[in-house]
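**Student:** whatever this is, show me its structure:
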Amino acid sequence: RQNIEEKTFMKDTNLMMPPAFAKVLTMAYKNRRETLSEALSRRAQSLALPRLEATRWRVDVTISTTSLSRVFRPTVTLSLTLSDGKVRTFELSVEKFNELRYNVAKLLKLTLDLENHPMLVRDL
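**Tutor:** Prediction:
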């Protein structure tokens, strides 16, 4: 988080360390606030990851191969277009696709639970 008020910073640091240390850290923050803010915003821009712009998918079914007459094995092909213009395409078995769906849903739920956690909710 950037640009927090001095009293909020002091309150938060008092929760994590002895008051004498929190006071010193708050004074340092107060004196160097703009420099820190500029450095963090420059750093954040350089660390930005590309965003997902578009998703395409299809299901392919392998009916037979040269060695087997009947296979009937489905695969999922995903094509992800990123904000930096790159396109990433990969192929998954149905089992791996279901594992991916499950893990994405699990991460989304954990993220929502974390955002709603009482310790992280602030009245600003």
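**Student:** point out where the chain drops to low pLDDT.
**Tutor:** Applying pLDDT under 70 to the chain flags the ranges 1-4, 44-47, 120-124.
**Student:** residue ranges of the strands in it, please?
**Tutor:** Counting by DSSP state E, one finds strands in the chain at the ranges 52-62, 73-82, 87-93.
**Student:** next, the angle strand 73-82 makes with the last one.
**Tutor:** Following axes from the mean of the first three to the mean of the last three CA atoms, to 10 degrees, one obtains 160 degrees for the angle between strand 87-93 and strand 73-82.
**Student:** next one: strand 87-93 to chain centre, how far?
**Tutor:** Between the centre of strand 87-93 and the centre of its chain there are 20 Å (CA atoms, centre = their mean, to the nearest Å).
**Student:** against which helices or strands is the longest helix along the chain packed?
**Tutor:** Longest helix in the chain by number of residues (criterion: DSSP state H): helix 19-46. Contacts defined by 3 or more CB pairs under 8 Å, 6 or more residues apart in numbering; DSSP states H and E place helix 19-46 against helix 6-16. Every residue, glycine included, has its C-beta placed from N, CA and C.
**Student:** same for the helix it packs on, what does it pack against?
**Tutor:** So helix 6-16, by 3+ CB pairs under 8 Å, 6+ apart, packs with helix 19-46.
**Student:** quick check: angle from the helix it packs on to helix 6-16?
**Tutor:** Going by the same axes, to 10 degrees, helix 19-46 makes 110 degrees with helix 6-16.
**Student:** buried set for helix 19-46?
**Tutor:** Neighbour-count burial for helix 19-46 flags 22, 25, 26, 33 (criterion: 16 or more other CB atoms under 10 Å).
**Student:** state the distance from the second one to residue 32.
**Tutor:** To tie it back to what came earlier, the one meant is residue 25. 11 Å (CB to CB, to the nearest Å).
**Student:** then the third one?
**Tutor:** For residue 26, the distance to residue 32 (CB to CB) stands at 11 Å.
**Student:** one step back: which of the strands of the chain sits most buried?
**Tutor:** The highest mean neighbour count among those, using mean count of other CB atoms under 10 Å, belongs to strand 73-82: a mean of 15.
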